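In: I would like to see how this sequence folds:
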Amino acid sequence: MSKTPFDKIAESHSQALPISDGTAAPAKLHVPSEMDVRAIRAYLMAIDRNHEDVLALLHGPTDTARTA
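Out: Numbers count the residues shown, from 1 in each chain. Now for the predicted structure:
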């Protein structure tokens, strides 16, 4: 059974409270200092992905995809 939006928000809230009062450590998040989007696109195209798939993986608008 999938969670409702309310259930997801309630769960996030219950996880955030211990973090905010210092009784729990926040999750570790790795954010790269730089992203080479051109290299990522080249890699994805090399493994036989089309432009729409690449844009979807990069969360870009698929209507900007160009055909080769």
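In: switch to C-alpha atoms for all contacts and neighbour counts from now on
Out: OK.
In: longest single helix anywhere in the protein?
Out: helix 5-20 (DSSP state H).
In: and A25, helix, strand or coil?
Out: coil (DSSP: H, G, I helix; E, B strand; the rest coil).
In: grab the nearest non-local neighbour of it.
Out: Spatial nearest neighbour of A25, chain neighbours left out: I19 (5.8 Å); criterion: CA to CA, 6 or more residues apart in numbering.
In: mind checking how far the one you found is from H59?
Out: 29 Å (CA to CA, to the nearest Å).
In: so for these two, which sits in the more crowded spot?
Out: I19 (13 against 9; other CA atoms under 10 Å).
In: still on that earlier bit, how far does the longest helix of the chain sit from its chain's centre?
Out: Distance of helix 5-20 from the chain centroid (CA atoms, centre = their mean, to the nearest Å) equals 19 Å.
In: next one: stretch 31-39
Out: 14 Å.
In: pull out the buried residues from it.
Out: Within stretch 31-39, no residue counts as buried by 16 or more other CA atoms under 10 Å.
In: may I have that stretch as PDB, with CA atoms only?
Out: Extracted in PDB, the C-alpha atoms of stretch 31-39 (Å, rounded to 0.1, in the frame of the first residue of the first chain):
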ATOM      1  CA  VAL A  31      27.300  17.200  -3.200                       C
ATOM      2  CA  PRO A  32      30.100  17.300  -5.800                       C
ATOM      3  CA  SER A  33      31.900  20.600  -6.100                       C
ATOM      4  CA  GLU A  34      31.500  20.500  -9.800                       C
ATOM      5  CA  MET A  35      29.600  18.500 -12.300                       C
ATOM      6  CA  ASP A  36      30.800  17.900 -15.900                       C
ATOM      7  CA  VAL A  37      27.400  17.600 -17.600                       C
ATOM      8  CA  ARG A  38      29.000  17.400 -21.000                       C
ATOM      9  CA  ALA A  39      31.000  14.300 -19.900                       C
END
